[in-house]
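Q: coords below, sequence missing:
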């Protein structure tokens, strides 16, 4: 064993011995530890900052001390003088190994970063971006060695940065000459290399030292588009913005947009244009908010469900409207931003995560990447509820995925008093087990309806309806209070003794709010939620069967809906299987987080590409047992499945023995009939 | 050693043993012998034809017989029935090895080829194009394996054609779906892979079997643009066309075009647009002549001198107008045809050969590739005479190159009676050694001027001037007749005895034609040719010095000028060094041939890229000995160099001993002063 000092890098844990005098940056590179550097070791960009962790690290048998790193030299001092360097930080390109060291590579480095926004998930993402900034000094032209300007630039990049063969974006050919001269032969190049074995591509060039570059992470939802502007160098989110998807004017839900394309010759084109224009506006907004120019944006990652994905790419989504739900492209898509008319830097690139299947898109891939069931051993269930619910279940050994046609009930549609989550909507409900009187909370107001000052706090908005999480809670509470049976039937007998239960035609309703306006939960509302949750649960059960598990270890609710519902009530209703309630959590815009991960680290792109190839897709419509699971799941929480861990927290009503009441014949998954309609339309 | 039959492929000479039953196509592929195939071995495209050479091949110890190849099977018979297959031809995808064989891979296969034109060099070029047509049958979509259409297409291409990772052109994303369905899941893909280690790119797609694709080979000269349309599958030239370079309206010669750019803000753009538009017209012309559509053109190779190269690419050529003559890009340039607004197939690619130096362009590279000094042992001199002469000298061991500023005298400019090579121009001249009376031949007329019927044959055109080759001959004959001295001085004493010599001011002229109009060769004309040829010869001598050779083995004249001059007269004048006249040849549009080679065989691209890296460039202006060689070369044929092999054919006048008469001080290379002017202009 060599006597050279031992250097351990955190958080990666990679370690190695290096001769005294080796720069920390060189040591990191030799171990494959990614440390950002633009200036190539000239101590001018300040991107390569590290910290020495002092102390005895018994586990690693290292005693690390600041005495084991070289003293601050003149170059480093010059940088520290010009720019405020946080205490304890060193430039790894200048500081050298002089003894055993534990080196912390701060992943949250904010050197030169602009205003930092907190809207996005603040998780730290290890960086290894596909787009590098590389400062080089290029040889001047020489008649004796008549290599072209571009060729000498390439040679400098190859020599200083270790690139092999390089290619060059067409638009740079005519500019290289002028930029080299403007920078007096010192320039910063943006080099794109998405994969280890890609030929490196020179995609942008600036005179002198360019010390910042940005990327976009964008989630194109059916309803809203969310965008983050991210520093490719520090990894921080600099600005965030959201907008409605303007395609809504062509159709509220996905299937109606597919129909629009089928019915209108230029429908596809109009929707592609609409979504690209809106994204372009968002680019301008985040650029303005971040105080940068559009051409400072060099990379962009997009995630979307399959239909949004296809429309954004200009692909006809009609095939996704009927069996076999064939994607035009399922793998990751790499394009120039120009190919999508995005007007970023002319050399900017885009990356779209792979789709898993015709109903499980790049957004589900991104959620998977963010939550990482494939990175751990526990059986993790991820549920992203929208008009379709995407469900992913798995662990390191195996991941399976499905989509379930829940319909829009969870979003407040098809519910008599339903509305979108907005001020005035009831979001929390409790029902007194004796009196059956409700109390509730409304979005935009911190008080419960039975607390003093509620009416005043509510103000002019009033109570306007019930949003998705409110519907979950009120129906769960109705079940827990005995207002509805396990089969979801409103107990009409109660109408005789309690004014909260009223007859409406041949069925009964529960009066949640008596007047101004009156809000009731009808038998039909209960049925709609039963159908939606039964579809979701049946999908989950199919996946659990594929995995041959009776329970799951953790549950992650992704998306906006998931952020607001109470896991306990979701379990009471039987949306999700029994699970320790403490291990059920909402993960917010996990799709956006996955997009940021793919933006900041090309290894994550490979990770999700490989993972998606291995994910087994279950097409619920083709599974014979789906119907059976669906019927059982119509009951609250379920006809046959037990919820022991839920029962430890909540007193569940005793089970009935009678069969589920499915008299109206509606207890069928929704998509089946849609498919048939689409197929029929295509045959005509 | 195995007992398997031995198979030898011609012309490559590659050989190997293969088990009986191996298809000839598989055997060829295993040996790396390129045999075209579009249908991937389905016996439908007919591209993989080969012939069995029968007989005893003692050198190879093979007895090859048609009995050693399998009988025609049903698939092959079906193809032969539908299409006329030449006698003796077999489909290598269907015929199998059954004994020892010598297989000829015909490089001139004309299967399905359109009209064949003979305008281009008819040399056979071995094919291994960067652009492949690949027929595949793609799996239909399957809900259980939800891979996208494009992903299944890629998988089929990888499986049947052995491509590794593949990428896809953006414009295809939205089309793949429709094309796969139009072809009922059978399609032909165009896959571009310029280098062995490039990631293969899907660039075009057609439903069903597409059995023909085309490429362009184009030489962009300062004066004319020449284009060939070539079948990428058979290698044959299908159509050829030429046009004047419309940039002539911005300036006749290269330096005046550079000046135009320097003086006019939008000059560069106007010239780029002009040349691209003209090229686009030529594309339409060759497509029409070949009976094909523009979108059937998938690849295009361009060669040009450095200034044309830069202007075509949209690069400012100003730097090329002054020392250090810095090219913006010297290496090979690979672009999409769309980047150059060429409107070929949307997936078409272009390739520009590398430039050697600021004055030695991609055209010189192409000439080098075509003539191949680096492929042989003899010392080969290649001369391409234009306004600049490009000179390449070398063999397998070493190649050196230079450019010499000959000026436009050889093209008839700066000559009092000079004109372009066109009907009416004198192109051949003989002078009676006694009477000093001339006889001549004129372009467009087969008779000599002293033959009966000359005037009638000449018709209305008459005799209008002297073209380049005519000037070479008349001055060489004047020297051989004693009219001018070794130093180029017209002997005024002759004026007293011979009316052909007349005084004009202080010098004397030779009357080539007495009237209608009178055409004379003046002292200034002689001086202009002396200056031009001295510059050329001095450049050649520098290269010979670099190679440390006193003589060259072969001389190749490239370009139009070279096609018309008589090598013997070129030697009498001392344009080129002494050489066996039988080993001096004109090679026509060698640049165009080099472009075709690069189009049809990507290995030739690598060959010229590697060769150019090794070519040593001599900047004549920087060589101290240039001036000395130049002064010696002012004499006819040369002040000090001997021409023994020339003297065996031609009686040369005895040498004088006096110094060259350079009284007018013009005996200086032309470019030097231009450079100074340009440099001065830039300083201002």
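A: The structure has been received and is ready for your questions. Bear in mind that the values here come from a model prediction, so they are computed numbers and not experimental data. Numbering: from 1, shown residues only, chains lettered A, B, ... in the order given.
Q: quick one: the strands in the stretch 351-500 of chain A?
A: With DSSP state E, counting those that start in this stretch as the criterion, the stretch 351-500 of chain A has strands at A:380-385, A:389-395, A:398-404, A:425-431, A:438-442, A:465-466.
Q: secondary structure class for the residue nearest the centre of chain A?
A: Central residue of chain A (C-alpha atoms, centre = their mean): residue A:591, 1.3 Å from the mean position. Residue A:591 falls in the helix class when you classify it by DSSP: H, G, I helix; E, B strand; the rest coil.
Q: Tell me how far it lies from residue A:615.
A: 16 Å (C-beta to C-beta, to the nearest Å). For every residue, glycine as well, the C-beta is placed using N, CA and C.
Q: wouldn't residue A:307 be in contact with residue A:318 here?
A: No: using C-beta atoms under 8 Å, residue A:307 is not in contact with residue A:318, being 9.9 Å away.
Q: ok, those two, which is more surrounded?
A: Between residue A:307 and residue A:318, residue A:307 has the larger neighbour count (other C-beta atoms under 10 Å in any protein chain shown), namely 26 against 20.
Q: that older thread, among the strands of the stretch 351-500 of chain A, which is nearest chain B?
A: Distance to chain B, taken as C-beta to the nearest C-beta, is lowest for strand A:398-404 among the strands of the stretch 351-500 of chain A, at 9.8 Å.
Q: The closest one pairs with which strands?
A: Partners of strand A:398-404 in the sheet, by DSSP bridges, are strand A:389-395 (antiparallel), strand A:616-618 (parallel).
Q: Columns mean neighbour count on top of those strands, output as CSV?
A: Formatted as CSV, the strands paired with strand A:398-404 follow (neighbours: other C-beta atoms under 10 Å in any protein chain shown):
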stretch, mean neighbour count
strand A:389-395, 26
strand A:616-618, 21
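Q: And the helices in the stretch 101-250 of chain A?
A: A:149-161, A:176-182 (DSSP state H, counting those that start in this stretch).
Q: ditto for the stretch 251-400 of chain A
A: A:254-263, A:267-290, A:306-313, A:362-371.
Q: quick check: angle from the first one to helix A:267-290?
A: Just to be clear, that refers to helix A:254-263. Angle between the axes of helix A:254-263 and helix A:267-290 is 130 degrees (criterion: axes from the mean of the first three to the mean of the last three C-alpha atoms, to 10 degrees).
Q: Flag every buried residue along helix A:254-263.
A: For helix A:254-263, burial by neighbour count (16 or more other C-beta atoms under 10 Å in any protein chain shown) applies to A:254, A:255, A:257, A:258, A:259, A:260, A:261, A:262.
Q: Select, from these, the two members most distant in space.
A: A:254 and A:262 (12.9 Å; C-beta to C-beta).
Q: just for the stretch 51-200 of chain A, where's the confidence low?
A: Applying pLDDT under 70 to the stretch 51-200 of chain A flags the ranges A:107-122.
Q: Kindly report the residues of it close to chain B.
A: Taking C-beta under 8 Å from any C-beta of the partner chain as the criterion, the neighbours of chain B within the stretch 51-200 of chain A are A:141-144, A:146-151, A:154, A:165, A:167-168, A:170-171, A:173-174, A:176-178, A:197-199.
Q: just the buried members of those?
A: Looking at these with 16+ other C-beta under 10 Å, the buried ones turn out to be A:141, A:143, A:146-151, A:154, A:167-168, A:170-171, A:173-174, A:176-178, A:198-199.
Q: Least confident secondary structure element in chain A?
A: Among the helices and strands of chain A, helix A:670-683 carries the lowest confidence by mean pLDDT, DSSP states H and E, at a mean of 43.
Q: Nearest to residue B:161 among the helices of the stretch 101-250 of chain A would be which one?
A: Nearest to residue B:161, of the helices of the stretch 101-250 of chain A and by C-beta to C-beta, is helix A:149-161 at 31.1 Å.
Q: starting at the chain centroid, how far to that closest one?
A: 38 Å (C-alpha atoms, centre = their mean, to the nearest Å).
Q: hmm, back to that, out of the buried residues of helix A:254-263, the closest to residue B:536 would be?
A: Nearest member of the buried residues of helix A:254-263 to residue B:536, counting by C-beta to C-beta, is residue A:261, at 67.4 Å.
Q: any idea how far chain B is from the closest one?
A: 12 Å (C-beta to the nearest C-beta, to the nearest Å).
Q: what do you get for residue A:283?
A: 19 Å.
Q: got it, and residue A:461?
A: 45 Å.
Q: where in the stretch 401-550 of chain A is pLDDT low?
A: Counting by pLDDT under 70, not a single residue of the stretch 401-550 of chain A qualifies.
Q: so, in contact with chain B or not, stretch A:620-640?
A: Yes: interface with chain B: stretch A:620-640 contributes A:621, A:622 (C-beta under 8 Å from any C-beta).
Q: What is the burial count for the nearest residue to residue A:316 once chain neighbours are set aside?
A: Once flanking residues are discounted, residue A:316 sits nearest to residue A:268: 5.2 Å by C-beta to C-beta, 6 or more residues apart in numbering or on different chains. Residues contacting residue A:268 under the criterion other C-beta under 10 Å number 22.
Q: Contacts only, for residue A:268.
A: Listed by C-beta atoms under 8 Å, 6 or more residues apart in numbering or on different chains, the contact set of residue A:268 reads A:261, A:311, A:314, A:315, A:316, A:317.
Q: how close does it sit to residue A:17?
A: On the measure of C-beta to C-beta, residue A:268 and residue A:17 end up 60 Å apart.
Q: since we're on the closest residue to chain B within the stretch 351-500 of chain A, how many residues are nearby?
A: Here the residue of the stretch 351-500 of chain A nearest chain B is residue A:357; by C-beta to the nearest C-beta that distance is 3.5 Å. Residues near residue A:357, counting by other C-beta under 10 Å, number 28.
Q: pLDDT at it, what is it?
A: Per-residue confidence at residue A:357 stands at 94 (pLDDT).
Q: which parts of the stretch 351-500 of chain A sit against chain B?
A: Residues of the stretch 351-500 of chain A lying near chain B (C-beta under 8 Å from any C-beta): A:355, A:356, A:357, A:358.
Q: go on, the stretch 201-350 of chain A?
A: Neighbours of chain B within the stretch 201-350 of chain A, by C-beta under 8 Å from any C-beta: A:313-316, A:319, A:323-331, A:333-336, A:339.
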